[in-house]
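Undergrad: okay, here's the prediction I keep looking at, along with the sequence it came from:
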Amino acid sequence: MRYELLDTPDFGMVRAGFDQPGEALVVESGAMVARDSGVQMKTAMRGGLGSALKRKVLGGESFFQSTFTATAPGQQIYVAPGAEGDVLPLELDGSYGVLLHSGAFLAAASTVNLDTKWGGARGFFSGTGFFLLRCDGVGPLFASSYGGIHAVDVGPEGYICDNHHIVGFTQGLRYTVTKVGGLGSFFLGGEGLVCRFEGQGRLWMSTRNGRSLAAFLHPYRRVQAKN
Amino acid sequence: MQIDVGYRPAPAMARVQLAAGESIMAETGAMVGMSTNVHIQTGMGKRGIMGGLKRVFGGESFFQNTFTAQNGPGELLLAHSLCGDIVPLEMTQAGFLIQSSSYIASAPWVDIDTKVGGFKTFFGGEGLFVLKATTTHPGQILVGAFGGIQELQCDGDLVIDTGHLVCWDATLDYSVGKSAEGWIATFLSGEGLVCHFRGQGRIWIQTRNPSEYGGLVGRMLPPRKR
């Protein structure tokens, strides 16, 4: 499978071309933009009901994922995320895995294994939806975010990232969800919970967060009349 | 302190490199990521409770965060809440006036004071709250826009929609007023309030107006409960 990224970073889109029949791309529900009519689409609860439920309930992803399978060489498919923002391509070679934040998954070759992993109680109870999708295996994987995607190589000193800005990180990095500064900073400073990463690996974060946009728009909604 | 802005213009993000012991003051919620040796301190700024209250009145948060690199150099990533460009500006003798929601960060010795745009703007619904940034030492401030940022030169006088203002040189005189002759014409024109500038100086504008955008999208969202 070959691929090309178009219109990054503002409106990233993936164009993938299949080399041989039988090659398949697993795509987040609703993310297909266009495809050759010969490409077969199959929507399924990937990994069966139990696995799909776990992904939906824990990972915040859609219940269904579509698999697009080539029937002839040279067929193409275009895939794009819902919000404006960048697409991050990762070429998994089996030597490392990646943990993606719930909602950052866009597409992956069918040879990539996807499994939902719980991010820890602290993120869960704070409502930051800190659930992770573990991706390993071999093949291309595409993640997306609202805004740009910034990569940081985490060294021995570690790195701190705002919870709402995490896109994903390489497996092997240790992380703890914590508050920054004292209690004062947590309640008054507006920075909320952060993730503290330690170990050796790479961390990707988004330069914008959808919640800020939602919070900005909320006051502009009409107010419902009282009955 | 070294500030580099990347991912311009729409998803712009600033990378601030702090030397050991160096600090930067930032709007709450602007932090994306940072090194583990950067320490956050939340306070009411140099002007205490009154300063904090004035900031709330100006549409800003009551508190501000001070980020300090401890035991060696550190880095801090800062971004604006809406999609748009970010520019660092070198402080001048006269200082700057900043439309309050455009403020992202400033050197800790830069004095940030809230000025209220006057009761006319307050009741106009498109309140123009401005912060005045002044300092006696060189330093930088970081401002963010909704959309792109354009630098205009005011030579004599210039009229700018209040919703498109980011900041301007404090050498300029400004007054907020109606965009048309009467209030009814102002209301019907949809242009809202404008800012009249007089004198010599630079004005940075944002190519999109946040309240226009809010009004456009907000109408399409389901109503919220009172």
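TA: Now that the structure is in, tell me what you want to look at.
Undergrad: output the lowest mean pLDDT helix or strand found in chain A.
TA: Across the helices and strands of chain A, mean confidence by mean pLDDT, DSSP states H and E is lowest for helix A:121-125: a mean of 46.
Undergrad: following element in sequence after that one, please.
TA: strand A:131-144 (DSSP states H and E).
Undergrad: what helices or strands is the very next helix or strand once past that following strand leaning on?
TA: Sequence-wise, the next helix or strand downstream of strand A:131-144 (DSSP H and E) is strand A:149-154. When contacts are defined as 3 or more CB pairs under 8 Å, 6 or more residues apart in numbering or on different chains; DSSP states H and E, strand A:149-154 sits against strand A:201-206, strand B:31-35. Any C-beta I mention is one placed from the backbone N, CA and C, and that applies to glycine too.
Undergrad: I'd say A:Pro73 and A:Phe18 touch.
TA: Yes - here A:Pro73 lies in contact with A:Phe18, judged by CB atoms under 8 Å, at a distance of 6.7 Å.
Undergrad: those two - which one has more neighbours?
TA: Under the criterion of other CB atoms under 10 Å in any protein chain shown, the comparison of A:Pro73 against A:Phe18 puts A:Phe18 first, with 25 against 11.
Undergrad: how near is that one to B:Asn37?
TA: Distance, A:Phe18 to B:Asn37, by CB to CB, to the nearest Å: 48 Å.
Undergrad: residues near the residue of chain A found nearest chain B, how many?
TA: As assessed by CB to the nearest CB, chain B sits closest to A:Tyr220 within chain A, at 2.7 Å. Neighbour count for A:Tyr220, taken as other CB under 10 Å: 18.
Undergrad: before we move on, what about B:Tyr7?
TA: Counted with other CB under 10 Å, the neighbours of B:Tyr7 add up to 21.
Undergrad: wait, what's in contact with the closest residue to it other than its chain neighbours?
TA: Counting by CB to CB, 6 or more residues apart in numbering or on different chains, A:Gly148 is the residue found nearest to B:Tyr7 once chain neighbours are left out, at 3.8 Å. Contact analysis of A:Gly148 by CB atoms under 8 Å, 6 or more residues apart in numbering or on different chains lists A:Pro9, A:Gly85, A:Asp86, A:Ser206, A:Thr207, A:Arg208, B:Gly6, B:Tyr7, B:Ala10, B:Pro11, B:Ala12, B:Met13.
Undergrad: pick out the most distant pair among the residues you listed.
TA: Pairwise distances across these peak at 14.7 Å for A:Gly85 and B:Gly6 (criterion: CB to CB).
Undergrad: of the two, who's got more company?
TA: Shown here are A:Gly85 and B:Gly6; by other CB under 10 Å, A:Gly85 has more neighbours (26 against 15).
Undergrad: let me know the secondary structure of B:Gly215.
TA: Taking DSSP: H, G, I helix; E, B strand; the rest coil as the rule, one finds B:Gly215 in the helix state.
Undergrad: in PyMOL, how would I select just the buried ones from the contacts of A:Gly148?
TA: Burial among the contacts of A:Gly148 is assessed by 16 or more other CB atoms under 10 Å in any protein chain shown; the matching PyMOL selection reads:
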select buried, (chain A and resi 9+85+86+206+207+208) or (chain B and resi 7+10+11+12+13)
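Undergrad: now, the contacts of A:Gly148 that are in strands?
TA: Among those, DSSP state E puts A:Ser206, B:Gly6, B:Met13 in strands.
Undergrad: enumerate the positions of stretch A:89-98 that are buried.
TA: Using 16+ other CB under 10 Å as the test for burial, stretch A:89-98 gives A:Pro89, A:Leu90, A:Leu92, A:Gly97, A:Val98.
Undergrad: closest to A:Arg134 out of those residues?
TA: Closest to A:Arg134, out of all of these and judged by CB to CB, is A:Gly97, at 6.1 Å.
Undergrad: closest point of chain B to chain A, which residue?
TA: B:Gly218 (2.7 Å).
Undergrad: just checking, that residue touches A:Ala214?
TA: No - the criterion here is CB under 8 Å, and B:Gly218 misses it with A:Ala214 at 11.5 Å.
Undergrad: among those two, which residue is more densely surrounded?
TA: More crowded of B:Gly218 and A:Ala214, by other CB under 10 Å: B:Gly218, with 18 against 10.
Undergrad: for the more buried one, what are its contacts?
TA: A:Leu217, A:Pro219, A:Tyr220, A:Arg221, A:Arg222 are the contacts of B:Gly218 under CB under 8 Å, 6+ apart.
Undergrad: hmm, A:Ile160 and A:Glu198 touching each other?
TA: No - using CB under 8 Å, A:Glu198 makes no contact with A:Ile160, being 10.3 Å away.
Undergrad: of the two, who's got more company?
TA: Neighbour comparison, A:Glu198 and A:Ile160: the larger count goes to A:Ile160, with 23 against 16 (by other CB under 10 Å).
Undergrad: local confidence estimate at the more buried one?
TA: In this model, A:Ile160 is scored at 94, pLDDT.
Undergrad: double-check that it belongs to a strand.
TA: Yes - checked against three-state DSSP, A:Ile160 lies within a strand.
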